[in-house]
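K.L.:
Sequence and predicted model, in that order:
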Amino acid sequence: MRRILFALLSLPLAFAAQAKMVHRSVEWTDGGTRFHSVLVYDDAGAGKRPGLVMVPNWYGVNDEAISKAEMIAGKQYVILLTDMYGQDVRPTNNDEAKAAVQPLYADRALMRHRINTALAQLKAQAGTAPLDTGKLAAIGFCFGGSAVLDLARSGADVAAVVSFHGALEAGKPALPDQFKARVLAINGADDKGTMPDAGAFMDEMRASEADWQFVVLGNAVHCFTEVGESAPGCKYDARAAARSYRMMHDWLDAAFAHRP
């Protein structure tokens, strides 16, 4: 009897030991370019969970971005860590990263098309991942923040988008601003790259019918969620990062609660 009881008590530990974070390649071709993204989720349970399109900073899909996706996914989300450049573009320094993002900032229709394609690819994973396609959202960091804001501007049918230290301006010509998603943008008060556009961004939001919130974190500069960044204008801030992640979870929970 004692052996049976011990075996039963050990079962949860055995299942927990077997659980692991899944990294699965998701590839597609669009406009002659091959894209290589990564689906990230915890396989501990089969229950369906919300899905997030996640666009990393301008360095794109790399080991640091995958680690960040793991941390955010936990047991709560299925995340598609999204390649916005194509599999042959993997920046290793700031100059290469700047060259990678410039075509997308210059052609916002292309940026909007690629992020919407990524959303469609996430939906397509429902048959092989524990994904609730009725609860979809997008999050992005730095350049990725710009991309998910453009997803919202395009009128994509997602519950919410969350931009972390992303560029705020809508681009020229301006996008059509057909917001269906709840929009949360979180920027550092001392971010000299993004905050000059804060006023125009708020005017854009006021003119829309979006449910939106713009949060300015005191004493934070650009890159405040990017572990390891330590330059004067691009610096990780553990306190600002923790606060912003709590806001993200609250925002997503509230948005998903209003989905059928």
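P.N.:
Great, that's in hand. Keep in mind the model is a prediction, meaning the values are calculated, not measured. Numbering: from 1, shown residues only.
K.L.:
Where does pLDDT dip in the stretch 151-260 of the chain?
P.N.:
259-260 (pLDDT under 70).
K.L.:
That one: strands as residue ranges?
P.N.:
160-164, 182-188, 212-217, 230-231, 234-235 (DSSP state E, counting those that start in this stretch).
K.L.:
List the strands paired with the first one, with their directions.
P.N.:
Meaning strand 160-164. Using DSSP bridges, strand 160-164 pairs in its sheet with strand 131-141 (parallel), strand 182-188 (parallel).
K.L.:
Please report the distance of Pro130 from His23.
P.N.:
15 Å (Cβ to Cβ, to the nearest Å). Just so you know, the C-beta spots here come from the backbone N, C-alpha and C atoms, and that holds for glycine as well.
K.L.:
before we move on, what about Gly127?
P.N.:
In this view, Gly127 and His23 are 18 Å apart by Cβ to Cβ.
K.L.:
who has more neighbours, those two?
P.N.:
Neighbour tally, Gly127 and His23, criterion other Cβ atoms under 10 Å: the higher count belongs to His23, 13 against 6.
K.L.:
Next secondary structure after the helix or strand hosting that one?
P.N.:
Using DSSP states H and E, His23 maps to strand 21-30. Counting by DSSP H and E, the next helix or strand C-terminal to strand 21-30 is strand 33-42.
K.L.:
residues of that following strand that come out buried?
P.N.:
Counting neighbours by 16 or more other Cβ atoms under 10 Å, one finds that the buried residues in strand 33-42 are 35-42.
K.L.:
Counting by contacts, list what the very next helix or strand once past it packs against.
P.N.:
Going down the chain from strand 33-42, the next helix or strand is strand 49-55, by DSSP H and E. Packing partners of strand 49-55 (3 or more Cβ pairs under 8 Å, 6 or more residues apart in numbering; DSSP states H and E): helix 63-73, strand 78-81, helix 108-123, strand 131-141, helix 143-153, helix 238-257.
K.L.:
Strand 49-55 and the third one, what's the angle between them?
P.N.:
It stands for helix 108-123. If you take axes from the mean of the first three to the mean of the last three Cα atoms, to 10 degrees, helix 108-123 sits at 150 degrees to strand 49-55.
K.L.:
Please enumerate residues in contact with helix 108-123?
P.N.:
26, 28, 30, 35, 37, 39, 51-53, 55, 78, 80, 82, 84, 103-105, 131, 133, 136, 138, 146-148, 150-151, 153-154, 156, 158, 170-171, 175 (Cβ atoms under 8 Å, 6 or more residues apart in numbering).
K.L.:
Just want the angle from that helix to strand 21-30.
P.N.:
Going by the same axes, to 10 degrees, helix 108-123 makes 130 degrees with strand 21-30.
K.L.:
Check which residues of helix 108-123 are buried.
P.N.:
Buried residues in helix 108-123 (16+ other Cβ under 10 Å): 108, 111-119, 121-122.
K.L.:
Quick one: these as TSV, columns for pLDDT and distance to Val221 too.
P.N.:
Output for the buried residues of helix 108-123, formatted as TSV (pLDDT from 0 to 100; distance: Cβ to Cβ, whole Å):
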residue	pLDDT	distance to Val221
Arg108	95	25
Met111	97	24
Arg112	97	28
His113	97	31
Arg114	98	28
Ile115	98	26
Asn116	98	31
Thr117	98	32
Ala118	98	28
Leu119	98	30
Gln121	98	33
Leu122	98	31
